[in-house]
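> Sequence and predicted structure below; questions after.
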Amino acid sequence: MNGPLFTTMLRSQSKSIFSYTFGSTFYLLLIIYIYPSISQVEGLNDLIKSMPESLLKTFGIENGLSSLSDFIAGEYYGLLLLVLLSIFCILTSASLVAKLVDNGSMAYLLTTPASRMTVVLTQAIVGVIGLFIIIFITTTCGIIVTKFFTSISDFDVWGFMKMNIVVFLLFFFISSYCFLCSCVCNDSKKAWSIPTAITLLFYGVDLVGKLSEKLESLRYASIFYYFNPIEIGRGNEDIFVTCLLFGIAGVLLYAIGTVLFSKRDLPL
């Protein structure tokens, strides 16, 4: 890794990282603060169970909502956070490599003593650090606010932390194929449109599988099938294998992207 380049690029990405961190934290705290009024609604779980099962599966609440962790998992980690972090990974990865190739800035970076491998590896680390910052601050703020600024007693801190560990590794994997596309594309538009299509395909396959029992087996082909926030928050799911697979796959794709970029011919 190149220290000066890392500092410069992290600074250039700081506005984007801050914006996504603020958005992620704001929505999480909003959900935490509205939970007490929602939890006092009589017959809420009966109302939920009266809805179509396919709809409940879509949001992962087919077993109802019994705690703050369930509410956060269903209302935030089931959709909003997935959209927010997907956008961050796609756009950030494209801006770290393909955009610099597209506008000619990469040629300037490669005139420095740092090797191609060092430059692109540094760019990858900047993206991963940005993702970590967003999830770390969101997690920390959620725990602090819930434990010290609300009277909510049914909050499982460890379950919440496990949700965020899996979220980080899930999006570490998503960012890895986004970065791979960025490393092999000269056009920044292609660098974000291809991983966007891949991510939407994963989500669409998972959604179709939830809505149709006949097509439920399709969900195994989606990465989102392996992220079940409510069950993780309840402690009913062992996250070790899931985290290991996401971690290994992510490292492998980052390595492939780095090697391919270091060997390819760049446009003049």
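Good, I have the coordinates.

> contacts and neighbour counts: CA atoms only from here.
Noted.

> List the contacts of residue 135.
Contact analysis of residue 135 by Cα atoms under 8 Å, 6 or more residues apart in numbering lists 21, 164, 168.

> Which strands or helices does the longest helix along the chain pack on?
Across the chain, the longest stretch assigned as helix under DSSP state H is helix 3-39. Applying 3 or more Cα pairs under 8 Å, 6 or more residues apart in numbering; DSSP states H and E, one finds that helix 3-39 makes contact with helix 68-72, helix 80-96, helix 116-149.

> Just tell me which of those helices ends up closest to residue 227.
With Cα to Cα as the criterion, residue 227 lies closest to helix 80-96 of these, at 10.5 Å.

> Do I have it right that residue 146 meets residue 154?
No: if you go by Cα atoms under 8 Å, residue 146 and residue 154 don't touch, sitting 10.0 Å apart.

> Those two - which one has more neighbours?
Set residue 146 next to residue 154 and count neighbours by other Cα atoms under 10 Å: residue 146 wins out with 20 against 12.

> Tell me who's in contact with the residue most central in space within the chain.
Geometric centre of the chain, nearest residue: residue 171, 3.5 Å, by Cα atoms, centre = their mean. Applying Cα under 8 Å, 6+ apart to residue 171 gives the contacts 85, 86, 89, 131.

> ok, which pair from those is furthest apart?
86 and 131 (10.4 Å).

> Tell me which of these two has more neighbours.
residue 131 (23 against 20).

> which residues touch the more buried one?
17, 85, 89, 168, 171, 172.

> now the helices: where do they sit in the stretch 151-268 of the chain?
With DSSP state H, counting those that start in this stretch as the criterion, the stretch 151-268 of the chain has helices at 157-184, 188-211, 229-233, 240-263.

> Relative to residue 78, which of those helices is closest?
Closest among the helices of the stretch 151-268 of the chain, once you apply Cα to Cα, is helix 229-233, at 6.9 Å.

> so what does the closest one touch, helix or strand wise?
helix 68-72, helix 157-184.

> Need the residues that contact the first one.
Meaning helix 68-72. Residues from elsewhere that reach helix 68-72, judged by Cα under 8 Å, 6+ apart: 28, 31-32, 35, 61, 65, 152, 154-156, 159-160, 230, 233-234.

> Generate a PyMOL selection restricted to the buried subset of the residues you listed.
Of the contacts of helix 68-72, the buried ones go into a single PyMOL selection, burial set by 16 or more other Cα atoms under 10 Å:
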select buried, resi 28+31+32+35+61+65+155+156+159+160+230+233+234
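
> and the two most separated of the contacts of helix 68-72?
Top of the distance list for these (Cα to Cα): 61 and 152, 20.4 Å.

> give me the number of residues near residue 25?
Neighbours of residue 25 under the rule other Cα under 10 Å: 21.
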